[in-house]
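[1] Curious how this folds, go ahead:
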Amino acid sequence: MKIRYLQRSRLNYKKQVVDASKRQYLKIFKKKKRNDAVQKRRHSFLTVEKLQAQVNDLIETASEKSMKLLAQRHAELQQCEYLGDEILQSSKQFQRISRKSARKYKWKKCLLCGCCC
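    Residues are numbered from 1 along each chain as shown. Sure, this is the predicted structure:
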């Protein structure tokens, strides 16, 4: 049984190879369709229109994405500026408080030692 099965599979393989070679042979002798220049122009015009539509869509999506990105970065920049202003105000406040406390402790220290008076 195994021998018959192998023989059948070999025959099927050979048949497939022969069919494939015939297909290639027949492709060579097929007549090519002749297209008129008008059909080619129509076809090229359609492809140009399709390409132009794709380019327009691409430009539109790129401009939308860039506008979104610019808006997002502008918002982030404004937030950074706001935080910078807050830090500047808190540093000025800290500077005032530290000057006051330095003066206060300077006089206390001076009064305790008795050297200045």
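[2] Only C-alpha atoms from now on, for both contacts and neighbour counts.
    Will do.
[3] For stretch 68-77, give the mean pLDDT please.
    What stretch 68-77 shows for mean pLDDT is 97.
[4] which outside residues touch stretch 74-82?
    By C-alpha atoms under 8 Å, 6 or more residues apart in numbering, the list of residues contacting stretch 74-82 from outside is empty.
[5] how deep is residue 109 tucked in, by neighbour count?
    Residues within reach of residue 109, counting by other C-alpha atoms under 10 Å, total 13.
[6] That one and residue 102, how far apart?
    Distance, residue 109 to residue 102, using C-alpha to C-alpha, to the nearest Å: 10 Å.
[7] biggest helix in the chain, by residue count?
    helix 37-113 (DSSP state H).
[8] where are the low-confidence patches of the chain?
    1-45, 111-117 (pLDDT under 70).
[9] again, 90 this time
    Filtered on pLDDT under 90, the chain yields the residue ranges 1-51, 100-117.
[10] residues near residue 79, how many?
    For residue 79, the neighbour count with other C-alpha under 10 Å is 12.
[11] Residue 67 versus that one, what's the distance?
    Residue 79 is 18 Å from residue 67, by C-alpha to C-alpha.
[12] Same check on residue 108?
    61 Å.
[13] just the CA coordinates of stretch 95-106, formatted as PDB?
    Output in PDB follows, covering the C-alpha atoms of stretch 95-106 (Å, rounded to 0.1, in the frame of the first residue of the first chain):
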ATOM      1  CA  GLN A  95      14.500  86.900  50.700                       C
ATOM      2  CA  ARG A  96      12.400  89.500  52.600                       C
ATOM      3  CA  ILE A  97      11.700  87.100  55.500                       C
ATOM      4  CA  SER A  98      15.400  86.000  55.800                       C
ATOM      5  CA  ARG A  99      16.500  89.700  55.800                       C
ATOM      6  CA  LYS A 100      14.100  90.500  58.600                       C
ATOM      7  CA  SER A 101      15.200  87.500  60.700                       C
ATOM      8  CA  ALA A 102      18.900  88.300  60.100                       C
ATOM      9  CA  ARG A 103      18.400  91.800  61.400                       C
ATOM     10  CA  LYS A 104      16.400  90.600  64.300                       C
ATOM     11  CA  TYR A 105      19.000  88.000  65.400                       C
ATOM     12  CA  LYS A 106      21.800  90.500  64.800                       C
END
